[in-house]
Structure formats: structure tokens, C-alpha cells
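Participant: next come a sequence and a model predicted from it.
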Amino acid sequence: MIDTIYIEEDVRDHPRTRSILARFNKARHISIERYGEVFNKRSQNFRLQKLKPALILARKHAGHILRAPEGFGIGSRKNFYFAHMFNCLYDCRYCFLQGMYTSANYVLFVNFESFVEQIDNLIRQYPNESLTFFSGYDCDSLALESITGFAAHILPEFKMFTSALIEFRTKSIQIQPFERIPPIDNCVIAFSLMPEVMSNALDHKAPPIKKRIQAMKILAEKGWKVGPRFDPLIHGENWKTHYQELFDQVFTTVPNYAIHSVSYGPLRFPLAMFRDIFKLYPEEQLFSGPLPQRDGIVAYKSEIEEEMAVFCHNNFTKFVSDTVVFQCTPEAQAIGRAK
């Protein structure tokens, strides 16, 4: 799976580094000073690298936990997000990562302890506030869990942070870390979903929608809280029929009592990011539709966004309380942009 591993000298003797290198003992190991000298190089070909990404093991020195944009959240007063790695195993056509990074290589920050320490500091800083920490925006939270072990590491830690909530956002069905331990009340496993016909065309390399819904059902029946996430919403022919079928499938399969929250949001790109992604996929049908530019953002027309939002909200409230339905507002589209 991984033929080349770059290792920052600073983390070469880290126990997590040694464990990963032992698993890939046939891979080529290359020493580097800082991950940016490989990851941030100019004139890289994202599409070629995506065929065979390398792994970069590094230390996160700053910016472990970042404030989420205003308007983003699932009920807490204060919201933060973090990325224990950059880039994703999957190859979804609408993914902002391919427009944000020039490299398709994976960067894994092995100093998980620093993330936990910063989370603990923030909880102590706001002792009387409700906080949510979101994982899975500059990567998929679980897709490479078998290599990283991040969820397995942080779950026992979060069990002690009873005043805060953690969300793992994923398209993966690698749910083993959650099957091995009793459910944690302050944890939500959130699955990104879209109609099957759209996912088949756009969610390259990701597990099928039916398997994601089944993974949600398994977790729910084991006592975990789950969160269906319909973001981004994709417009197209017969979109209402496709989404209606998806909603019916999700909410009749997943036990209602286990649904912590439901969120949805429009397809949006900053203009510069859209141009970079369009260069990668000039023939992609998704980008040939009605996506006008307004205020530096490429998105569907406002009336299309509003129609989709109303349709979704009205359908969700047939199954769950309005109090657990959240719309991802325009300001929230900037989440996951810090490098």
C-alpha cells in the first residue's frame, strides 16, 4: 500500500514512528528535517501522486486545535477542530483537499499526546462552557485508522473529558476501535452521506453508501451515538427523489434513539480552490453545472441552495426533532483550511 515513507528526524525515535516503520519494513525510508520540504514543494502533480501516495511522519508544533468558524456546530457554545493528519485515502471529486494542497501524500502527526494536551487546556480554559471538538476535515478520521491508531488512542482520553464532545467525521466502515470498548457518552461517529447514484459517480474509493449506513446501525445498536451528515448537497436530475430515498433508508435503518444530530450543507468552493480543482478534472460533470461565482465563492444559485435546504430540513423533521438538525452555514465552509 505504501512504498515510501518520509520521516522527520525529530520523530524518528517516537514509539509511534517505530511501530509504523516496523509494519512497513519493505518500504523505502527517507529522512527529512521538516515535512514541508516534501509536502509543500511546488510543481507537484496531485493526480499522479494520488495513484501511489507516500506517507510522511512528522511532528505538529503549533495549531493543534483551531476554532471552528461561526455558524458551525452541533449544539455546543464553542466549537473547535483538529487534524491529526493531512490528506485522505479516498478520492472524492468534490473534496477541497485537492484544491488546497499541491501534494497527495499523507502527513501523519505522530505526537498525538500534544493534541490531547491542547484539548485538555481548552476544556480547563472554558470550565463552564459546552465544547465540541471535530476530527476529520483535513483527512478522514477513520480511513487509515489501521495504520495511525489515532481513534484508539484518543477515545480513552476523551472518556475523562466528560464536559466536552468529540465528533469523528468519516466515510470509512473501519469501526473496530468503537467495537472494542464500551460506548462513550461524549462521542459521536458522524458519517458523510449522499444518494447512492451520486456517491457512485463522485465518492471514488470510498465504501458504498449502504455499507456506511450499516456501519451506523451496528454502532447505534452497540450504544454509540451517531450522526448522519449530508454535506455537500449535490443538485442534479431527480435530486429530490434520490435524496428522499436516501433519507428513508437512513432513518428507517438507524435507530432513532442513537441519532445525536443531523447536519447538512451546500456545495461551495472558494474561487481559487475551485479553479485548481477544475484544472484536475476539466471533464467532470459536477463542475459543468450551474455553479456561478458570488462574493469569491463558487456555488449553486442561492435559490437552488434554499430549495435544497428547505427540502432537507422538512424531511429530517419527519424523523427527528428539529432541535438536533443543524445547517452548515456559509461561514462554516472555511473549516479545515489550516495547514
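Facilitator: Good, I have the coordinates.
Participant: please make it C-alpha for all contacts and neighbour counts, starting now.
Facilitator: OK.
Participant: and the worst-scoring helix or strand of the chain on mean pLDDT, what does it pack against?
Facilitator: Sorting the helices and strands of the chain by mean pLDDT, DSSP states H and E puts helix 97-100 at the bottom, at a mean of 87. Packing partners of helix 97-100 (3 or more Cα pairs under 8 Å, 6 or more residues apart in numbering; DSSP states H and E): helix 271-280.
Participant: at 10 Å what do you get?
Facilitator: Packing partners of helix 97-100 (3 or more Cα pairs under 10 Å, 6 or more residues apart in numbering; DSSP states H and E): helix 46-51, strand 91-92, helix 271-280.
Participant: mean confidence for the longest strand along the chain?
Facilitator: Counting residues, the longest strand found in the chain (DSSP state E) is strand 225-233. Strand 225-233 shows a mean pLDDT of 97.
Participant: for stretch 10-30, same thing?
Facilitator: The predicted model assigns stretch 10-30 a mean pLDDT of 96.
Participant: equivalent analysis for stretch 67-83, please.
Facilitator: Across stretch 67-83, the average pLDDT comes to 89.
Participant: in that stretch, which residues are buried?
Facilitator: The neighbour-count check on stretch 67-83 (16 or more other Cα atoms under 10 Å) flags 68-69, 72-74, 78-83 as buried.
Participant: same deal with stretch 47-61?
Facilitator: Buried positions in stretch 47-61, judged by neighbour count with 16+ other Cα under 10 Å: 47, 50, 53-60.
Participant: before we move on, what about stretch 291-302?
Facilitator: Neighbour count says stretch 291-302 has 291, 297-300 buried, by 16+ other Cα under 10 Å.
Participant: walking through the stretch 101-250 of the chain, point out its helices one by one.
Facilitator: Taking DSSP state H, counting those that start in this stretch to define them, one finds helices in the stretch 101-250 of the chain at 112-125, 145-148, 150-158, 176-179, 196-202, 209-221, 239-253.
Participant: circling back: export the least confident helix or strand of the chain as CSV, just CAs?
Facilitator: Listed in CSV are the C-alpha atoms of helix 97-100, where the atom choice follows Å, rounded to 0.1, in the frame of the first residue of the first chain:
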residue,chain,number,x,y,z
LEU,A,97,-8.2,19.0,-0.2
GLN,A,98,-7.2,18.6,-3.8
GLY,A,99,-7.6,22.3,-4.3
MET,A,100,-5.9,23.2,-1.0
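Participant: and that helix, how far from the chain's centre?
Facilitator: Centroid separation for helix 97-100 versus its chain: 13 Å, with Cα atoms, centre = their mean, to the nearest Å.
Participant: identify the residues contacting it?
Facilitator: Outside helix 97-100, the residues that touch it by Cα atoms under 10 Å, 6 or more residues apart in numbering are 46-47, 50, 86-88, 91-92, 103-104, 137-139, 269-270, 272-280, 336-339.
Participant: quick one: low-confidence parts of this protein?
Facilitator: Scanning the chain for pLDDT under 70 picks out 329-339.
Participant: pick out the residue closest to the middle of it.
Facilitator: Taking Cα atoms, centre = their mean, the centroid of the chain lies closest to G136, which sits 3.1 Å from it.
Participant: mind listing what the closest residue to it other than its chain neighbours touches?
Facilitator: Counting by Cα to Cα, 6 or more residues apart in numbering, G136 lies nearest to R169, which is 4.9 Å off, once chain neighbours are set aside. Shown in contact with R169 (Cα under 10 Å, 6+ apart): 134-137, 139-142, 188-192, 227-229.
Participant: kindly report the same for T17.
Facilitator: Residues near T17 by Cα under 10 Å, 6+ apart: 7-8, 11, 57-58, 108-111, 148.
Participant: and it, how far is that from N111?
Facilitator: Separation of T17 from N111 (Cα to Cα, to the nearest Å) stands at 9 Å.
Participant: which neighbours do these two share?
Facilitator: Residues touching both T17 and N111 by Cα under 10 Å, 6+ apart: 11, 57-58.
Participant: which of those fall within strands?
Facilitator: Per DSSP E, the shared contacts of T17 and N111 map to strands at 57-58.
Participant: distance to F311 for the shared contacts of T17 and N111 - can I get that in CSV?
Facilitator: Output for the shared contacts of T17 and N111, formatted as CSV (distance: Cα to Cα, whole Å):
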residue, distance to F311
V11, 49
L57, 44
A58, 44
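Participant: and which of the shared contacts of T17 and N111 is nearest T162?
Facilitator: When the shared contacts of T17 and N111 are compared for distance to T162 (Cα to Cα), A58 comes out closest, at 29.7 Å.
Participant: report the contact partners of that closest one.
Facilitator: A58 is in contact with 6-12, 17, 32-36, 85, 107-111, counting by Cα under 10 Å, 6+ apart.
Participant: could you flag which of the residues you listed are buried?
Facilitator: Neighbour-count burial (16+ other Cα under 10 Å) is assigned, among the contacts of A58, to 6-9, 11-12, 17, 32, 34-35, 85, 107-111.
Participant: helices or strands up against the longest strand of the chain?
Facilitator: Partner elements for strand 225-233 (3+ Cα pairs under 10 Å, 6+ apart): strand 164-170, strand 187-192, helix 209-221, helix 239-253, strand 262-266, helix 302-316, strand 325-327.
Participant: done for today, thanks.
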